[in-house]
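[1] model the structure of this input:
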Amino acid sequence: MNTASIFLQLLVILGISHCLGRISYWLGQPAVIGYLLTGVVVGPMVLGAFDPGLSSALFANLSGLMVLGKIGLIFIMFGLGLEAGATEPGPAQAKAGKALPIALCGFIGAGLAGMLLGHISHGVFSGHVERLPYMLFFGVVMGATAVPVLAGILADPRFPHRSLSPLVMNAAVITDILAWFALSLVLVLLSSKGTSGIFYSAITLVVLVAVAELVVSRRLVGASGAAAGCDPSRPLIAALIVLFAFCVITDLANAHVTIGAFVAGIAFRKHKGLREFWEKGPQPLVNLFFAPLFFGTAAMNVQIDAASWPGLLAWGGLFFLVGAVGKAGSSYLAARFTGLDRPDAFVLATLMHTKGVMEIILLTVGLEIGVITADLYAILMVVALLATVITLPVVRRVTPRRQAPAAQPQVLFGQGEKRAG
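    Reported below is the predicted structural model:
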């Protein structure tokens, strides 16, 4: 593959991505919707069907894009981990203590619903994967919440329930931390051979988390990272070294490199100077280049015959309904138990059911390691997009009982051109 072909592919994907991302923003949706539609348009579903010759000429070899997309995914996950500590304590977070039970109940409820769906669909979509790992992976996918897209919704001026923003963001961050550590256990079960391999991988991950928290977060970041405005160049170099080292370790431990990237971001979450520098420097590059590239190439994996659509859409409807009952239903009950009134609990439950970015990343990992088929990948992507698209219109229909200013959450890439093209 020559260099000109790679740059031509980048030109096509980035150009269409940002055009469709802008259209998505005009329609009140996150720009990631446009990025995913780009992959469908330039992939086998549209361009490959209407002009196979042009599709083959442009995208005969995707190895270069796949490598860049994998690098982009690592930086996306590092940024997500880094943003886990971005919310500062204050009066607006008086309800943040309710986030833990809401996150736990929502994740467990959605996980159980996902495992039920995995049990039902195992013979249809699992391929060669055994039932238990497939069910567990399905549970993790259903339990995730899209923090970047959710942050974009909360920052949208059309979102009327500002007083709920700190509680929702705290619950969403906790949920995704649970999801990624649960995924690491599932990957160990899938990849390790024998009891000794599982034990080795599990111990490696536990040690990695301990090093991230006790050595990197407390010693390397230290007191110098507790104050904003410090020189970020040295901790940035250290963060990149830790990032790539953690990716190597998790890959050798039969987990996915995304686990290492997320843990590395968590390790540096307390460094305000690094977070501020990341938001002003590397994050725009991730938003405008790596994000559309990763999600565009990910959506190019969608390839479904026309005859298969009716059956897959029926499965998709089942996945959406059962997943919504498990995730939104359990989140609603937990919110009511912690003292929220019915309208606020309904809004919170709807927001926690936002999928989008995180579920698509999880699905891409699952497709890469072979735990799901291309058909299941495609239909779950549609389910994730549907859950994301309906969120803001639904919550806007609920009249807020009170208005209270809340700090706008940090957005990795989410709603519109302010962050993501």
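[2] any buried residues in the host helix or strand of A335, and which?
    Taking DSSP states H and E as the criterion, A335 maps to helix 330-337. By 16 or more other C-beta atoms under 10 Å, the buried positions in helix 330-337 come out as S330, S331, Y332, L333, A334, A335, R336. Yep, even glycine has a C-beta here, placed from its N, CA and C like the rest.
[3] and what of stretch 274-287?
    Buried residues in stretch 274-287, counted by 16+ other C-beta under 10 Å: L274, R275, F277, W278, E279, P282, Q283, V286, N287.
[4] going by secondary structure, the fourth one is in what exactly?
    It stands for W278. Counting by DSSP H and E, the secondary-structure element that holds W278 is helix 272-280.
[5] out of the buried residues of helix 330-337, which comes closest to G265?
    Within those, proximity to G265 (C-beta to C-beta) peaks at S331, which comes in at 24.8 Å.
[6] format the buried residues of helix 330-337 as TSV; extra columns: pLDDT.
    Shown next, in TSV, are the buried residues of helix 330-337 (pLDDT from 0 to 100):
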residue	pLDDT
S330	95
S331	94
Y332	94
L333	95
A334	94
A335	92
R336	92
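[7] which neighbouring elements make contact with the helix holding A335?
    Packed against helix 330-337, as judged by 3 or more C-beta pairs under 8 Å, 6 or more residues apart in numbering; DSSP states H and E, are the following elements: helix 99-125, helix 342-352.
[8] how about 10 Å then?
    Taking 3 or more C-beta pairs under 10 Å, 6 or more residues apart in numbering; DSSP states H and E as contact, the helices and strands that helix 330-337 lies on are helix 99-125, helix 165-191, helix 342-352.
[9] weakest of the ones you listed in terms of mean pLDDT?
    Within the helices and strands packed on helix 330-337, confidence is poorest for helix 165-191, with a mean of 81 (mean pLDDT).
[10] return the set of buried residues in it.
    By neighbour count with 16+ other C-beta under 10 Å, helix 165-191 contains the buried residues 165-180, 182-191.
[11] just stretch 340-360 next, same as before
    Residues of stretch 340-360 classed as buried under the neighbour-count rule (16+ other C-beta under 10 Å) are 340, 344-360.
[12] for burial, what's the neighbour tally of M300?
    25 (other C-beta atoms under 10 Å).
[13] OK, contacts around V248?
    V248 is in contact with V257, G260, counting by C-beta atoms under 10 Å, 6 or more residues apart in numbering.
[14] now it: how far from A267?
    Separation of V248 from A267 (C-beta to C-beta, to the nearest Å) stands at 15 Å.
[15] tell me which element L14 falls in.
    Using DSSP H and E, the element containing L14 is helix 3-26.
[16] centre of the chain to that helix, how far?
    Put simply, helix 3-26 sits 21 Å off its chain's centre (C-alpha atoms, centre = their mean, to the nearest Å).
[17] using PDB, write out every CA atom in it.
    As requested, C-alpha coordinates have been extracted for helix 3-26 and formatted as PDB (Å, rounded to 0.1, in the frame of the first residue of the first chain):
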ATOM      1  CA  THR A   3       1.400   6.500   1.100                       C
ATOM      2  CA  ALA A   4      -0.900   8.400  -1.300                       C
ATOM      3  CA  SER A   5      -3.600   5.700  -0.800                       C
ATOM      4  CA  ILE A   6      -3.600   6.200   3.000                       C
ATOM      5  CA  PHE A   7      -3.900  10.000   2.700                       C
ATOM      6  CA  LEU A   8      -6.700   9.600   0.100                       C
ATOM      7  CA  GLN A   9      -8.600   7.300   2.500                       C
ATOM      8  CA  LEU A  10      -8.000   9.800   5.400                       C
ATOM      9  CA  LEU A  11      -9.300  12.600   3.100                       C
ATOM     10  CA  VAL A  12     -12.400  10.800   2.200                       C
ATOM     11  CA  ILE A  13     -13.300   9.600   5.700                       C
ATOM     12  CA  LEU A  14     -12.500  12.800   7.600                       C
ATOM     13  CA  GLY A  15     -14.200  15.000   5.000                       C
ATOM     14  CA  ILE A  16     -17.400  13.000   5.000                       C
ATOM     15  CA  SER A  17     -17.300  12.500   8.800                       C
ATOM     16  CA  HIS A  18     -17.200  16.200   9.600                       C
ATOM     17  CA  CYS A  19     -19.900  17.000   7.100                       C
ATOM     18  CA  LEU A  20     -22.200  14.300   8.500                       C
ATOM     19  CA  GLY A  21     -21.100  15.300  12.000                       C
ATOM     20  CA  ARG A  22     -22.200  18.900  11.400                       C
ATOM     21  CA  ILE A  23     -25.600  17.700  10.000                       C
ATOM     22  CA  SER A  24     -26.000  15.500  13.100                       C
ATOM     23  CA  TYR A  25     -25.400  18.500  15.300                       C
ATOM     24  CA  TRP A  26     -28.000  20.600  13.400                       C
END
